[in-house]
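> following is a predicted model, sequence given first.
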Amino acid sequence: MDKALARLLPDASRSTIQRWIAEGRVTLRGAPCRARDLVAPGDRVCVRPGAPLPTRAEPDASIEVRALYEDAHLIVLDKPAGLVVHPARGHATGTLVNALVARPGFARAPTDPRDPAGALRPGIVHRIDKETSGLLVVAKDEVTREGLKAQLGAHTVERAYRALTVGVPEPGIVNTVYARDPRSRLRFTSKSRVGRPAVTHVALVERLAGGRAALVECRLETGRTHQIRVHLAEQRRAPILADKLYGAAPRAPELAAIAAELGRQALHAYVLGFVHPVTGAELRFESPWPAELARALERLRAL
């Protein structure tokens, strides 16, 4: 039943259909049914769609949002460093989602019923860390959300980051197993025996500070939490400048001074490209290098 309705109702995801069935909103031959019930040719099915799950995030119009593109289905944002994407432990308010639900079109932004905390992050299909700046896309409706998630799962979304590193990483493809670090709930590791695959393409853009630092570009195939930070630190021994979780303070005093002035990890999501799930248009966006990273880059060039 759920598979049949997912084909017949393209505007509803299979998980939403399963919720409607569980709520008794779907009947087969006049009687309530189950998601696993078989549907035969000629069967009469009646569906009473339910309302979208409401978000629990409180709107906050005081948080500034920089939108590079917006239509009825999605919004592309340029997130500043220091802004958390969605409410979570320790960040109940003051997040990007709190700002979005205060905007027209997001009051009933859809949540993912398969996500236990989905009501706190409506429309979010990918994230960037609090201290990482740059681009991300947020869905306004269920069809767009599922379409973007499918592209992310198929690794067809273009996601490029630039970073300043302590040390010069070896260019190439980093392909590892990836899991939460058993020694710390805040960290992840690429040195686990079991886990999910993680793939990062690393390119050297510029050597800096006499070979003690570098400007690099990282392109993601997969999008694991902290993936670029972990791969550069563990697999290339070149942690991101000012990354307090995966990198120690630089030994060279001049590098340590630049990291201290920067005050946040030198990682920026500067390219985002995807196919619009509704219109089919190919969209690609670039975010300029932030001012604080530009100052750090110039100081490293001067060493």
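Done, it's in. Numbers count the residues shown, from 1 in each chain.

> check which helix or strand covers residue 135.
According to DSSP states H and E, residue 135 maps onto strand 133-139.

> from residue 45, how far out is residue 125?
According to CB to CB, to the nearest Å, residue 125 and residue 45 sit 30 Å apart. For every residue, glycine as well, the C-beta is placed using N, CA and C.

> re the thing from before, tell me which other helices or strands the next helix or strand after the strand holding residue 135 touches.
Following strand 133-139 in sequence order, the next helix or strand is helix 142-153 (DSSP H and E). In this structure, helix 142-153 makes packing contacts with strand 133-139, strand 267-275, judged by 3 or more CB pairs under 8 Å, 6 or more residues apart in numbering; DSSP states H and E.

> surely residue 146 meets residue 16?
No: with contacts defined as CB atoms under 8 Å, residue 146 does not count as touching residue 16, sitting 9.3 Å away.

> of the two, who's got more company?
Just comparing residue 146 and residue 16: by other CB atoms under 10 Å the higher neighbour count belongs to residue 16, 25 against 21.

> part of a helix, is that one?
Yes: note on residue 16: a helix contains this position according to DSSP: H, G, I helix; E, B strand; the rest coil.

> what comes into contact with the strand holding residue 135?
68, 73-81, 85, 100, 109-110, 123-128, 145, 148, 161, 267-272, 274, 285-287, 290, 293 (CB atoms under 8 Å, 6 or more residues apart in numbering).

> I only care about the residues you listed that end up buried; give me the PyMOL line for that.
A single PyMOL command selects the buried members of the contacts of strand 133-139 (16 or more other CB atoms under 10 Å):
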select buried, resi 73+74+75+76+77+78+79+81+85+100+109+110+123+124+125+126+127+128+145+148+161+267+268+269+270+271+272+274+285+287+290+293
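
> how close does residue 237 get to residue 215?
Taken as CB to CB, the span from residue 237 to residue 215 is 17 Å.

> looking at the two, which one has more neighbours?
Taking neighbours as other CB under 10 Å, residue 237 and residue 215 compare with residue 215 leading, 20 against 13.

> just say helix, strand or coil for that one.
Following three-state DSSP, we place residue 215 in the strand state.

> was I right about it contacting residue 206?
Yes: between residue 215 and residue 206 there is a contact under CB under 8 Å: 4.3 Å.

> now do stretch 257-273: distance from first to last residue.
Start and end residues of stretch 257-273 are separated by 35 Å (CA to CA, to the nearest Å).

> tell me how far stretch 27-38 lies from the chain's centre.
Distance of stretch 27-38 from the chain centroid (CA atoms, centre = their mean, to the nearest Å) equals 37 Å.

> now the terminal residues of that stretch, how far apart.
Using CA to CA, the two ends of stretch 27-38 sit 12 Å apart.

> and it, what's buried?
Buried residues in stretch 27-38, counted by 16+ other CB under 10 Å: 28, 33, 35, 37.

> can you check stretch 177-189 too?
Judged by neighbour count (16+ other CB under 10 Å), stretch 177-189 contains these buried residues: 178, 179, 188, 189.

> do stretch 143-160 as well
143, 144, 145, 146, 147, 148, 149, 152, 157, 158, 159, 160.

> by mean pLDDT, which helix or strand of the chain comes out lowest?
Counting by mean pLDDT, DSSP states H and E, the chain has its least confident helix or strand at helix 96-100, which shows a mean of 80.

> how far off centre is that helix?
Distance of helix 96-100 from its chain centroid, counting by CA atoms, centre = their mean, is 15 Å.

> do stretch 286-303 as well
A distance of 24 Å separates the centroid of the chain from that of stretch 286-303, by CA atoms, centre = their mean.

> contacting residues around that stretch?
68, 78, 80-81, 133-135, 162, 164, 208-210, 212-213, 215, 241, 254-255, 258, 261-264, 266, 268-271.
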